[in-house]
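Q: quick one: sequence and predicted model below, then my questions.
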Amino acid sequence: MEILGISYSKAQAGAYALVLGEIGEKRRLPIIIGSFEAQAIAIELEKMKPSRPLTHDLFCNFAKSFRIIIEEVIIYKFNEGIFYSKLICFDGTQKVEIDSRTSDAVALAVRFKCPIYTYESILNEAGMELQEEQESLPKAKKEKKTPAPDSELSGLSLNKLESLLETAINDEAYEKASKIRDEIKRRKGGK
């Protein structure tokens, strides 16, 4: 599975929808997660560096210090609207499976850069196939779109934007930092 995005949940106030997708396929697996977990996933995906390590960063640093890696994450069960996951860990000698909330497992998967798997039965039960994405997905992958400029940021210099980005990250205002980062990327030609 790959992470396709995170957005506000329309179904549950104060929650987010993490959308996983089958690599190269059309099925999607939406998972409702909390705001802290959404933030933990988003800042790693966006390569933001908070001034202090978040809990998932601390766990990652701790595990790596003792030469433990997470080889893969498996979403192994779906029951009454709840996804169950496990971390497959390896210390160089033995593999150990550790039960985890799916949101935490995904937050760690992006830090360890390990694959995320699930079973066909879970995709059949909780997955969805988006028809409109079916036609537009190949074009979207071929054409690199430049995001539209944020009206508040478009009048600022590149140096000012970089300074604001650093301040936003230090203040842990990651949503604002993401918008500033997008404006910087847009100006640099999307690189």
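A: Received it, and whenever you're ready, just let me know what you need.

Q: C-alpha only now, for contacts and for neighbours.
A: Noted.

Q: how about the closest residue to Tyr117 other than its chain neighbours, what does it touch?
A: Computed as Cα to Cα, 6 or more residues apart in numbering, the closest residue to Tyr117 that is not its neighbour in sequence is Ile74, at 4.8 Å. The contact partners of Ile74, taken as Cα atoms under 8 Å, 6 or more residues apart in numbering, are Ser85, Lys86, Leu87, Ile88, Ile116, Tyr117, Thr118.

Q: in CSV: the residues you listed, plus neighbour count.
A: Converted to CSV, those look like this (neighbours: other Cα atoms under 10 Å):
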residue, neighbour count
Ser85, 25
Lys86, 20
Leu87, 26
Ile88, 17
Ile116, 21
Tyr117, 16
Thr118, 16
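
Q: give me the subset of these lying in strands.
A: Counting by DSSP state E, the contacts of Ile74 place Ser85, Lys86, Leu87, Ile88, Ile116, Tyr117, Thr118 in strands.

Q: of all these, which two lie farthest apart?
A: Maximum pairwise distance among these (Cα to Cα): 13.0 Å, between Ile88 and Thr118.

Q: quick check: longest strand of this structure.
A: Under DSSP E, the chain gives strand 69-79 as its longest strand.

Q: pull up the pairing partners for it, direction included.
A: Sheet pairing for strand 69-79, assigned by DSSP bridges, gives strand 82-90 (antiparallel), strand 116-118 (parallel).

Q: avg pLDDT for it?
A: Across strand 69-79, pLDDT averages out at 97.

Q: for it, buried residues please.
A: The neighbour-count check on strand 69-79 (16 or more other Cα atoms under 10 Å) flags Ile69, Ile70, Glu71, Glu72, Val73, Ile74, Ile75, Phe78 as buried.
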